[in-house]
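In: I would like the atomic coordinates for the input below:
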Amino acid sequence: MSSTNVAHWLFVLITRTPRAIKNRLADRKLRKLLRDTPTYPLGKLPENTLGRVTGAVRPLDKLIEAPLSGRLCVYYDISIEPQAGNGTTLRVLATEQDAIPFVLEADGHRAVVDPAHAQISAGIDHVVSSKEPTPRSLALLARYPWHGDGFVMCREAILGADEQITVVGAGVREADPDAPPTAGYRDAGQTRLRLTGAAKFPLLISDDVRSL
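Out: Presented below is the predicted three-dimensional model:
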């Protein structure tokens, strides 16, 4: 599949699929798209070339705190879902997301990832029921009260520091002011990628193990 076709299908699938598919890569076609995108080592991705790279999340300037768990991360996605008595999800009452720029690192190479225009898929790994609330879940539910029958599940997904992720996108090279001061490193003018998306062709970021 060519880079142009991959970018086209990224746009079609991301803009025409339900939120659950967009955020969790539940759709097989989207996973296939990840597999079909050309894969590059982070240090070998050419400028302005669509590719798939994998590495570890590192903070750029800071980390943010996920509201439900208090974990430090570069992205979180929270959903509040009322449940019927049998545990069936009735609907999504509310969602909260936040993301900040971060560094992707692999084999001594670095890239700044700007998630301003990105579709992010992170696996849910922290769940709190209103039957067994925590101070953080109570604070969250106070903002989104539920007055129906049954109970409420609060679900959280994050991209945490040191987590392995995959990014599909294109970028340009820039000077790396934060490069480690190894011998000859500065003199060689070490650079890093800056991966950015656009409204029409966003970055695709995933921690799905099937995409790593």
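In: next secondary structure after the helix or strand containing Tyr75?
Out: Element membership for Tyr75, per DSSP states H and E: strand 72-83. Sequence order places strand 94-99 as the next helix or strand after strand 72-83, per DSSP H and E.
In: picking that back up, what helices or strands is the strand holding Tyr75 leaning on?
Out: strand 64-65, strand 94-99, helix 135-143, strand 151-160 (3 or more CB pairs under 8 Å, 6 or more residues apart in numbering; DSSP states H and E). C-beta here means a position set from N, CA and C on the backbone, and glycine is covered the same way.
In: switch to 7 Å and redo it
Out: With contacts defined as 3 or more CB pairs under 7 Å, 6 or more residues apart in numbering; DSSP states H and E, strand 72-83 has these neighbours: strand 64-65, strand 94-99, strand 151-160.
In: which of these sits closest to Arg35?
Out: strand 151-160 (20.4 Å; CB to CB).
In: count of neighbours near Leu90?
Out: For Leu90, the count of nearby residues is 14 (other CB atoms under 10 Å).
In: hmm, back to that, buried residues in the strand holding Tyr75, which are they?
Out: By 16 or more other CB atoms under 10 Å, the buried positions in strand 72-83 come out as 73-83.
In: tell me the angle that strand makes with helix 135-143.
Out: 60 degrees (axes from the mean of the first three to the mean of the last three CA atoms, to 10 degrees).
In: gap between strand 72-83 and the chain center?
Out: 12 Å (CA atoms, centre = their mean, to the nearest Å).
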